[in-house]
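Colleague: Below is the structure, and that's it, no one-letter string:
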């Protein structure tokens, strides 16, 4: 519900003549992130709080290494791409909705930022672990 309110508030603000700024672009990125990662972030938080404060079970952990960890990194990056695509679509819709380039130039800057974050993430995690798989940790 909060995501819908944020979307409506952003659209209403732009409709009423505001010049798009950093916050409008951040709203699109936030919406992309929450749509893709929201459920897993809530699950992670619930598990950790239950474990720390309510004697709950130990939280789920990512694989400790090997190709399972590499696959996990590719999955996480894929989710990031999905979040980025959602943000790009929302940004493009906002630009088209306003249809005044002088009012939406700040939104255009977000396209490159999202691209570079995903490109660096790709190289530093999934590609890196595909070339140099993380060694399995052996617990005694």
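Modeller: Sure thing, it's come through. Owing to the predicted nature of the structure, the values given are computational and were not obtained by experimental measurement.

Colleague: Report the residue spans of the chain with pLDDT below the cut-off.
Modeller: 138-140 (pLDDT under 70).

Colleague: and the most centrally placed residue in it, how far is that from residue 57?
Modeller: Nearest to the geometric centre of the chain sits residue 33, at 3.4 Å (C-alpha atoms, centre = their mean). Distance of residue 33 to residue 57, computed by C-beta to C-beta, to the nearest Å: 27 Å. (Each C-beta comes from the backbone N, C-alpha and C, glycine too.)

Colleague: Kindly report the same for residue 40.
Modeller: In terms of C-beta to C-beta, residue 40 sits 17 Å off from residue 57.

Colleague: More neighbours: the two, which one.
Modeller: residue 40 (12 against 8; other C-beta atoms under 10 Å).

Colleague: Where does the more buried one sit, in terms of helix or strand?
Modeller: Using DSSP states H and E, residue 40 sits within helix 22-53.

Colleague: for that helix, which positions count as buried?
Modeller: By 16 or more other C-beta atoms under 10 Å, the buried positions in helix 22-53 come out as 24-25, 27-34, 36-37.

Colleague: again with stretch 88-95
Modeller: 88, 90-91, 94-95.

Colleague: Show me the contact partners of that stretch.
Modeller: With C-beta atoms under 8 Å, 6 or more residues apart in numbering as the test, stretch 88-95 has contacts from 7, 10-11, 14, 20, 24-25, 27-28, 31-32, 101, 104, 107-108, 110-111, 114.

Colleague: No further queries at this time; thank you.
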